[in-house]
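# Pasting a predicted model and its sequence here:
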Amino acid sequence: MTLVEQVMDAVRRDCGATVMSLLAGRTEKERAAVARAVKEYVRAPTFHVDGLNTAFALAVLGSVSRATGVSRELDWAGLSDVSVSMAVEVLTDRNPTWLSDLPTALPTALLGMRHGDEWWRLVRELVRQGAVAAPDDPNYTLHMAHSLGRQTVDPREPSLAKQLPDDPALLEDEVLRLFRVEGAGPLLHGHDYWAVKRGLADEDLWATCLTGSLPRQKAIDLALSALRQDWPPHHVTWYVDFHRRLQPTAEEMTSRQDTYRALLSASAGRAVKLAQDALRRLLAEQLLDIHAFLDVADAPLHHREMSVAMAQVALLRAVTGAVPTRAPACARAVVAGLMHPHQAVQQAAAEAVLAMKVDSDPRVVAEVRACLPALGGRAADILLPVFAQSERGSTVPFVEVPGPRSTPLTVRPTELARLDPDMIEPALVHLLEEADDPLLVEQVLDFVARHADRRPTSEALLDRAKALQSRRIGVYRGTDLCADLAQLVASWMIGQEPEEWIRLDRVPHFDGRTFGSLADENAPAILHLGTIVSSRLRELAVVAAHGRPRTLLATPTYTNATISAADLRARLDELAGAGHDLLPMDLETAVLRAGPAVMSELLANQPSADVGLVRAATDMTRTPAWQRLTGPPGGTSNPVQPLARYDRCPPVVVWRNTSAPNGSAERIIPSLLGLQDPLSRAGYRWDDSDPLYSRRPHQMVACWPLIAPHHLDMVMAQAHPMLCRNVWEVRDGAVPLIQSLATVTVPPGEPTWSALSLALSGKNPTLRTAAVDAVVGLVSTNLLDGAALGRVSAHHAADKMIVVQRLLRSLEEAANVDAACTWRVLDVLAALLPGLVGHRDLGRALLLTDELAQRCGRTLELPHEPRVSPAAAKTIQRLVQRTPTGTTTRAEAARLLTETAH
């Protein structure tokens, strides 16, 4: 048997010692032959069944050239603790030139893989033996946090307290990095949390070991330095707990006052609270530098967490009590709390200002009066009698806002420019890194089609496209725009058609279930608008591979993605003159972007138009008839773990289009837009909830509004399963879609108001902010129908599809923008209130309605609801009977809110 045959036989038998002895002392030429056999073995169909063993890993380390090649082949292979020493022996015997690059390549490539900890132990052993230097790579530190921790109660597994003393060099460098590398905090916290849950000893906790191993003063400084990094809140939990475990004395805190004061501006609430506790203790010990503290004392009052702001108000009141002469300075800091979004903070700040007795200080009076116009609730009742004086009666009367617009806006759109030849390669490089500009994508597609025979020659561009293809899963699945663009670039430059394709002849909309080319009955095809984008890119990749230039019908004329009648007519004539067939995806997308008016004009002037064009125009220009449905989403019992949670989705709200066209196997767009049975497809919409196939979902979702700019409701109806999940999960994929609502020019319908309601109550603050901006944008163009938004929100609340408390907070934020927004939000609340009868948030809604009605001087025509409590009925009666000057004080409304809650 040859060397190659012997090594591969040992790999199949999982005999690592044999592989090691066979490769010992071999030349690089001999190893190269083994490497070729190893790579062929990896690509065998049965590799993932019988090829994942230690012998295979040793064969890779002993034969494959370059560190990146080693890390690529070892993605799914592991090493046992015993085999780490064998791997080190293989590498030191071979001593390749790329050995110094291996520590960086392995942690980077294997972060998150199931064998990452074992590969960290290999790198660490190489460092201990002096074969390589410790890599300055964050992933190396992150692997260490998990690898050294004990995972089971098995006494044979070494404890953390034993491993650190056995490797003292870790405490000199690597362990200190745990306080500098972002992402280490959650790993340390997760390890300690589960160690306690599993009943492990205290010595197995990272916090315990580091408390005893690090010098005390250094440990305190390291904990505070990690908190000053201002990492996300869930990254700092362990460092806060570690600091509390150290229990610094007052003297130790005194020398670190600057750090504690700086932490008052941290974004993590736990870090701010730690600083507040330290400063409060220093105040009690009369060690606090009050002058320096007051310079930054207002920072926590801008924090979004109510408890942080409330604690700061209490701390400032304590400072006033300890040093009465600093009351004016404390009051000026407290004034920032009057603008906090939580009314409880506003009330606490108002009470603090009043208790400090600073109404004679001109600076305090001026700052408080500046806040009074935007102040409401109990805070206004407390401060108005003291600070308002005669200015209160001189407010400008509220001007009534006209009803919502029912016709499209007349806006002159901006034409979409074409890319110059010298711009295409920089544009492709940018999109392969970050496909964050949908219009740039359209410009690139237009250029590739028109210049299909002018292939780029940049090797760096091709390498980047191939690298993306090798790392991404799921080309043309409608979820990863960068992966689809990488395939387009590769097909254009190499001249080879893409192989992967979504087969719509067996999707659930028809008679079977197929995911791409994988014949898996349990894995459905992707059914959302991203499939249209991917299908267009695949269609163009075929054109580019053959190098035949042509004009695309679907290229937008304007930046709002619409197509003019003149452009569409000229493109059809150009394609007919060149003898080109119409591409199905290009044709149907063009019809969607042209809109009903342009298509009617075009067909009227072309009686002998292409049959496909007539059919597409007929299907795509139908007037939708929407019907609201709720229920559990259709799903599949998928054995793949990352996808199994789709079977546990809560009920969703969707919109059925009873006039939708029937799709067919060769017509993707009618198939996807055919929402005749949306619930059965709701569970198949793979979007930002899918970590396996959606790396950057927001990039693909940003393209959705450009697909059908004249059919806003159709796009929003498609997004409902994703938006429903966003109510209960913190996801960001839908943010670009909601942001697009701020600039629409056509009157929205019920599916759009439904989508906006879901976004206003989303769990992700970024999504709610985008929804608030959309409300403000729609009000500015007078397209917001408050009554329609309120009615659909009431239906959602009755079906428990939204979190009403979040919806009310978002509406209040929008109402505070300007007078027109206040008026429109009051329209929303007037339609929403009847649907909240019996809801726990009825009192909150009544109080907000009461406040906005006072601002507008409006009365509300609310229907009689006999099922409400007597207190709520009184509040409703007051709202109905309100005069322009108002009859209910905010204090009375607050009292009624309390009564309504019982």
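Sure, I can see it.

# Please save the CA atoms from whichever helix in the chain runs longest in CSV.
In terms of residue count, the longest helix belonging to the chain (DSSP state H) is helix 584-605. Extracted in CSV, the C-alpha atoms of helix 584-605 (Å, rounded to 0.1, in the frame of the first residue of the first chain):
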residue,chain,number,x,y,z
PRO,A,584,-40.1,35.8,-16.7
MET,A,585,-38.9,37.4,-13.4
ASP,A,586,-37.8,40.6,-15.2
LEU,A,587,-41.1,40.9,-16.9
GLU,A,588,-43.3,40.4,-13.9
THR,A,589,-41.2,42.7,-11.7
ALA,A,590,-41.4,45.4,-14.4
VAL,A,591,-45.2,45.1,-14.4
LEU,A,592,-45.3,45.5,-10.6
ARG,A,593,-43.0,48.5,-10.8
ALA,A,594,-44.9,50.2,-13.7
GLY,A,595,-48.2,50.1,-11.9
PRO,A,596,-51.8,49.7,-13.1
ALA,A,597,-52.0,53.1,-14.8
VAL,A,598,-48.9,52.7,-16.9
MET,A,599,-49.8,49.1,-17.9
SER,A,600,-53.3,50.2,-18.9
GLU,A,601,-51.9,52.9,-21.1
LEU,A,602,-49.3,50.6,-22.6
LEU,A,603,-51.7,47.8,-23.5
ALA,A,604,-54.2,50.3,-24.9
ASN,A,605,-51.5,51.5,-27.4
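
# In what element of secondary structure is the most centrally placed residue in the chain found?
Centroid-nearest residue in the chain: Asp732, 2.6 Å away (criterion: CA atoms, centre = their mean). In the assignment (DSSP states H and E), Asp732 maps to no helix and no strand.

# you'd agree it is up against Asn764?
Yes: Asp732 lies in contact with Asn764 (CB atoms under 8 Å); the separation is 5.9 Å. The C-beta positions use only the backbone N, C-alpha and C, and glycine is treated the same way.

# can you tell me how far the residue nearest to the centre of the chain sits from Met722?
11 Å (CB to CB, to the nearest Å).

# Likewise for Leu540?
26 Å.

# before we move on, what about Gly790?
On the measure of CB to CB, Gly790 and Met722 end up 23 Å apart.

# helix or strand right after the helix or strand of the chain with the lowest mean pLDDT?
Every helix and strand in the chain was compared by mean pLDDT, DSSP states H and E; the lowest is helix 641-644, with a mean of 38. For helix 641-644, the succeeding helix or strand toward the C-terminus, using DSSP H and E, is strand 652-657.

# Quick check: can you name the pairing partners of that next one and their directions?
Next to strand 652-657 in the sheet, as set by DSSP bridges, lie strand 626-631 (antiparallel).

# next one: the host helix or strand of Arg31 to chain centre, how far?
If you go by DSSP H and E, Arg31 is part of helix 28-42. Mean-position distance between helix 28-42 and its chain equals 42 Å (CA atoms, centre = their mean, to the nearest Å).

# same deal with stretch 557-573?
34 Å.

# Show me which positions of it end up buried.
Within stretch 557-573, the residues that count as buried by 16 or more other CB atoms under 10 Å are 557-558, 560-563, 565, 567-568, 571-572.

# if I pick Leu760, what's in contact with it?
768, 771-772, 775, 793, 802, 806-807, 810-811 (CB atoms under 8 Å, 6 or more residues apart in numbering).

# In helices, which of the residues you listed appear?
Short answer: those in helices (DSSP H) are 768, 771-772, 775, 793, 806-807, 810-811.

# got TSV for these, with distance to Ala134 too?
Converted to TSV, the ones in helices among the contacts of Leu760 look like this (distance: CB to CB, whole Å):
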residue	distance to Ala134
Arg768	44
Ala771	47
Val772	48
Val775	53
Ser793	56
Arg806	47
Leu807	52
Ser810	49
Leu811	54
